[in-house]
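K.L.:
what would the 3D arrangement of this be:
(2 chains)
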Amino acid sequence: MKNSTTVKMLMLFGLSTVLWSCRKDKSVTPEEQVQLPGQGVTAVNGLYILNEGNFGSNKASLDYYDYATGVYRRNLYGAANPSVTLGLGDVGNDIKIYGSKLYVVVNGSNKLEILDVKSTKKLAQVDIPNCRYVAFYKNKAYVTSYDGYVGVIDTASFKIDTKITVGRQPEDLAVVGDKLYVANSGGYSSSDYERTISVINLTTNLESKRIDVAINLNRLKADQYGDLYVTSRGDYYNIKSNLYVVDTKTDAVKKKFDIEASTFTLDKDFAYIISTAWSNVTMSTVVSYSKINVKDEIVVAGGFIKDGSEKDIVMPYGIAVDPISSDIYLTDAKDYVSPGALYCFDKTGKKKFSVVTGDVPAHLVFYTK
Amino acid sequence: MFRFLPASNGVKYCSISLFIFWTGMLMPELSVAQTDSLKANVLKEVEIKQKRRSTQNLSPTPLQILNGKELKNLNALSVADAIRYFSGVQMKDYGGIGGLKTINVRSMGTNHTAVFYDGVQLGNAQNGQVDLGKYSLDNIEEISLYSGQKSDLLMPAKAFASASSLYLKTIVPTFEADQNRNFRVALKTGSFGLIDPSVTYNQQLGSRLALSLNAELINANGKYNYRYTNGVYDTTVVRRNADIFAKRIEGGLYGTTSDSSKWQIKLYNYNSERGVPGAIVANKFDFTQRQWDDNFFVQSSFETQTNRKLQFLVNAKYAYDFTRYLDPDRVSIFGALDNRYSQQEFYLSLASLYHFTQFWDLSLSTDYTYQQLDANLENFAYPERQTGLIALATKFSWPRFNIQGNVLATLVNDQVKSNIPAGDKTEYTPTVMASWQPFAKNNLRLRAFYKSIFRMPTFNDLYYTFIGNSKLNPEYTSQYDLGFTYSKSFEGNKLNHISLQTDVYYSDVRDKIVAIPTLTLFRWTMLNLGKVEVKGLETSLQSHWNFDQLNIVAKANYTYERALDVTPASELFGQQIPYIPVNSASFTLASDYQNFGLSYSYIYTGERYSQKANIPVNYVEPWYTHDLAIRYSFNASK
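P.N.:
Predicted coordinates for the structure are as follows:
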């Protein structure tokens, strides 16, 4: 036995297959229906509920509450549009009706979906990166993009006409007269938030000025008296969220309410505000509900839920008020990763019903006749 | 938007219906050796096999092992690929060749499994997770998984300090008599554009010292086709931005002292750049996010010889880990999001074992760890943590019965440069385990263990800008396990060995650290909110067959597990937690005939839910894989 060099050779060839179950046929996620009390025949046909779905989960979905029959329908979009690859998409961020069409802004999927308002069948899609909210003026849709602009989309051709540069990470927007107001957040730079509203001249589609309000602006709506209500998210540390009023005649801040506000809705002379404020002191969320008389610009004591049912609501997230009956619709996002709930209160603040929704129910729009 | 994703938010790949990939490997091994060394190798393999059978049979805690040839037969690239064959284990896989892959044992959560590399724990103070996709099988000799803990007494205190332990053992250089060096090169290729060359060089330096060097490159474009369908749409797309380029180099010095004590020093470096493919969502097919990693450690151990009355084991380690994450889509006034994190760890462990009598042993292990994290985040806390662990353990053992118990004391001190540090923590946790052979002539052994342990909140849990919550408590687990092992050999029979192990278990996770939203979808924080109850059964049957020159090893595993969300007042009380199937199984068949080897493996993962609510929209279909590998090896002497 003497030393020698041994060469051992090993050759290996492998094949793998990964198979997903073939036991069940692939199928479209079906629509689900729940019977609720009806609302009788009014000028309102029903209410669309856009569920955001948690970021990255591709679970945006559309629900509808039909006033005449009282039927609550979940997963409308998937059932009406089974051929759309991966469905409505990731994080439904805004929903509005203009003419006979329903416009859905899908933030994580970088698209504006245009649906037939009655059938929810898809008519068109416009791609806009990191899109947030939509508003309308003279057959044009205006969509904010976190890339720092407002995209102007023709509602007949569904093409982007132009892009209007605004502040960093713009959020909500509203049209008053021939001016478009855009809330800039600057949310990607927490050491240097934006603190302005961009004012756009809708005749020229150019930014004409900026109104200094407060840091990290978010939701923005106009009341019937030509005033803008706008929320500031604060910095999540020492600066709390807040609600401001801007006079569109002078384009200046006219009031600071010093109440915490996450989101709100306006109906006639009232603003309904919900706030979910995180406290680093108690390490818990402090939920509050407030109501403001926008005519006199004063807080109405006692909020708007009067029967104690707010104790069941974990994370109020979206709100809308029926323009005819003044019934209040409020959504509960719960833990953001499981189905939420929609609550209906009458105008005296008494609960009428609640129903299970998709994940993170957030944005509501009434479908009127 | 916000990069942080909560734990339940795994990426869904449920729509792929068929996916095939292949690997090819060529591995010439040169050694200066005697020509009849093959016989010696066969004998050694038998020895290893027998030793392993007895270890598994005697272990009072469930033990699963994959080693040597079994690992080669699996057609697997990384440790993560191999671990899928263990029972009671879920791999959390973000997909693709470069995607994060972490282990979850018995549904208690990734952070409850400690991973040891040559006896020393791989730490990650930032998020408590070890990416097993980074550990190539190229240099791994053995993977063993203990539910509960290893039943040794002479081990670092860290080995007592987690709910389950995964041990990765690298290949120790071996030389035949008269041989002083060997050299191995290997080239693997495969799907995803994979090219994976590696080289190993072993050198004997005198009679008591050996050197081993091992280096590997992994390059893959990560591209693969995937198909979405709901029966109406049917779309096939190429997965992009899943490329990886990684370099790994390891060096080891293995020594024996004149009194037969053993020591070793190991250097390790892993360096990679990869694409980070995002979640699969509608209308988004391109991703631009990139990640760079650099992991370095040097560790050393010294163990006195085994037959002394008083034995010592000393371990020391220094580790540096760097991660950079770039998101060109998220632009602030400072430019694209470009997060950089670096961690350092110093570790020292001293364990001692005293043999009082033939049947009574006592051990004391003390570990000290210092960990520190830097990041270029706004308002960052720059946390530092010192952890002291003291484990006192004792064991009484007779041939047919043994019982052991230990108490672990954990002392933790955190300090931060800004914000509020978590308070000092002191915890005491016990473990008891026993194994009993009721019949003298029968290899049946009954076993049971109870273990209470916790995991500390990680730096991310406590201090991550915006999310962290420094008031968090540790996350506790209790485990109860009852099982048996049985094995029997049949000399001269075609079926020459069978072994069976089965365990039923109950465990709970209390004060589970979960991410919950605060203000909006993009603002989360961590809270001790959840409670999970796990009831399960694991069983594993192994058989060895011999038909003349044809050898067959068949192995089947099955796991039944109910892992329920029992968070008080939760609307989802009693539902199965996300990504945990009730039924899962694996089957492997390896055969050898002369120079040929053929192996087949199968993994089945039953239906699951992708989120907490067990409703149709969250349903994830069952899936399974078939793997087939053909091997041919021969000796060419000159």
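K.L.:
and stretch B:433-445, end to end?
P.N.:
13 Å (Cα to Cα, to the nearest Å).
K.L.:
pLDDT averaged over it, what's the number?
P.N.:
What stretch B:433-445 shows for mean pLDDT is 94.
K.L.:
which ones are touching the one residue in the stretch 51-200 of chain B that gets nearest to chain A?
P.N.:
Taking Cβ to the nearest Cβ, chain A has its nearest neighbour within the stretch 51-200 of chain B at residue B:75, 3.4 Å off. The C-beta positions use only the backbone N, C-alpha and C, and glycine is treated the same way. By Cβ atoms under 8 Å, 6 or more residues apart in numbering or on different chains, the residues touching residue B:75 are A:12, A:14, A:15, A:16, B:23, B:599, B:601, B:627, B:628, B:629.
K.L.:
at 10 Å what do you get?
P.N.:
A:12-16, B:21-23, B:25, B:81-82, B:190, B:599-601, B:627-631 (Cβ atoms under 10 Å, 6 or more residues apart in numbering or on different chains).
K.L.:
quick check: closest non-adjacent residue to it.
P.N.:
Spatial nearest neighbour of residue B:75, excluding adjacent residues (Cβ to Cβ, 6 or more residues apart in numbering or on different chains): residue A:14 at 3.4 Å.
K.L.:
neighbours of the one you found, how many?
P.N.:
By other Cβ atoms under 10 Å in any protein chain shown, the residues close to residue A:14 number 22.
K.L.:
go on, residue A:41?
P.N.:
For residue A:41, using other Cβ under 10 Å, the count is 10.
K.L.:
what about it, which helix or strand?
P.N.:
Assigned by DSSP states H and E, residue A:41 falls within no helix or strand.
K.L.:
nearest spatial neighbour of residue A:313, skipping sequence neighbours?
P.N.:
Distances taken as Cβ to Cβ, 6+ apart put residue A:332 closest to residue A:313, at 4.8 Å, once the chain neighbours are dropped.
K.L.:
these two touch, right, that neighbour and residue A:341?
P.N.:
Yes: the pair residue A:332 / residue A:341 is scored as a contact, 4.4 Å apart, by Cβ atoms under 10 Å.
K.L.:
which neighbours do those two share?
P.N.:
Between them, residue A:332 and residue A:341 share the contacting residues A:312, A:313, A:314, A:354, A:357, A:361, judged by Cβ under 10 Å, 6+ apart.
K.L.:
can you report how many residues neighbour residue 185?
P.N.:
Assuming you mean chain A. 24.
K.L.:
switch to chain B, please.
P.N.:
Residue B:185 has 14 nearby residues by other Cβ under 10 Å.
K.L.:
OK, contacts around the residue nearest the centre of chain B?
P.N.:
Centroid-nearest residue in chain B, with Cα atoms, centre = their mean: residue B:166, separated by 4.8 Å. Residues near residue B:166 by Cβ under 10 Å, 6+ apart: B:64, B:79, B:83, B:86, B:89, B:103, B:105, B:113-117, B:122, B:130, B:132, B:143-146.
K.L.:
now which of the residues you listed would you call buried?
P.N.:
If you count burial by 16 or more other Cβ atoms under 10 Å in any protein chain shown, the buried members of those come out as B:64, B:79, B:83, B:86, B:89, B:103, B:105, B:113-117, B:122, B:130, B:132, B:143-146.
K.L.:
and residue B:55, what element?
P.N.:
Residue B:55 belongs to helix B:37-58, assigned by DSSP H and E.
K.L.:
quick check: next helix or strand after that helix?
P.N.:
Defined by DSSP H and E, the subsequent element after helix B:37-58 is strand B:63-67.
K.L.:
which parts of the chain are helices?
P.N.:
Because you didn't say which chain, this covers chain A. A:76-80 (DSSP state H).
K.L.:
that's the wrong chain, I meant chain B
P.N.:
B:37-58, B:68-73, B:79-83, B:459-463.
K.L.:
ok, which of those comes nearest residue B:182?
P.N.:
The stretch from the helices of chain B with the least distance to residue B:182 (Cβ to Cβ) is helix B:37-58; that distance is 10.4 Å.
K.L.:
bridging residues for residue A:217?
P.N.:
According to DSSP bridges, the residues that bridge with residue A:217 are residue A:232.
K.L.:
and stretch A:239-249, C-alpha only, in PDB?
P.N.:
The C-alpha trace of stretch A:239-249 is given here as PDB (Å, rounded to 0.1, in the frame of the first residue of the first chain):
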ATOM      1  CA  ILE A 239     -46.700  67.700  17.800                       C
ATOM      2  CA  LYS A 240     -50.200  66.200  17.800                       C
ATOM      3  CA  SER A 241     -52.600  65.900  14.900                       C
ATOM      4  CA  ASN A 242     -54.900  68.900  14.400                       C
ATOM      5  CA  LEU A 243     -57.700  70.400  12.400                       C
ATOM      6  CA  TYR A 244     -57.400  73.700  10.500                       C
ATOM      7  CA  VAL A 245     -59.800  75.900   8.600                       C
ATOM      8  CA  VAL A 246     -58.600  77.800   5.500                       C
ATOM      9  CA  ASP A 247     -60.700  80.600   3.900                       C
ATOM     10  CA  THR A 248     -60.600  80.100   0.200                       C
ATOM     11  CA  LYS A 249     -61.600  83.700  -0.500                       C
END
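K.L.:
next, the contact list for residue 199, please.
P.N.:
If you meant another chain, say so; for now it's chain A. A:166, A:176, A:179-182, A:207-211, A:246, A:248, A:251.
K.L.:
not quite, go with chain B.
P.N.:
Here residue B:199 is in contact with B:138, B:183, B:184, B:185, B:186, B:187, B:213, B:214, B:215, B:216, B:217, B:249 (criterion: Cβ under 10 Å, 6+ apart).
K.L.:
surely the third one and residue B:216 touch.
P.N.:
Spelled out, that is residue B:184. No: the criterion here is Cβ under 10 Å, and residue B:184 misses it with residue B:216 at 11.5 Å.
K.L.:
which stretches of the stretch 1-150 of chain A have low pLDDT?
P.N.:
Where the stretch 1-150 of chain A drops to pLDDT under 70, the residues are A:1-6, A:18-26.
K.L.:
again, 90 this time
P.N.:
A:1-30, A:40-41, A:54-57 (pLDDT under 90).
K.L.:
and residue 216, how many neighbours does it have?
P.N.:
I went with chain A, as the question did not name one. Residue A:216 sits with 23 neighbouring residues when counted by other Cβ under 10 Å.
K.L.:
um, chain B though
P.N.:
Using other Cβ under 10 Å, residue B:216 has 20 other residues around it.
K.L.:
same check on residue B:54?
P.N.:
With other Cβ under 10 Å as criterion, residue B:54 counts 11.
K.L.:
test my guess that residue B:477 contacts residue B:431.
P.N.:
No: between residue B:477 and residue B:431 there is no contact under Cβ under 10 Å: 11.6 Å.
K.L.:
compare the two (neighbour count), which wins?
P.N.:
Of the pair residue B:477 and residue B:431, residue B:477 is the one with more neighbours under other Cβ under 10 Å, namely 26 against 22.
K.L.:
what sits opposite that one in the beta ladder?
P.N.:
Assessed by DSSP bridges, residue B:477 has beta-bridge partners residue B:453, residue B:509.
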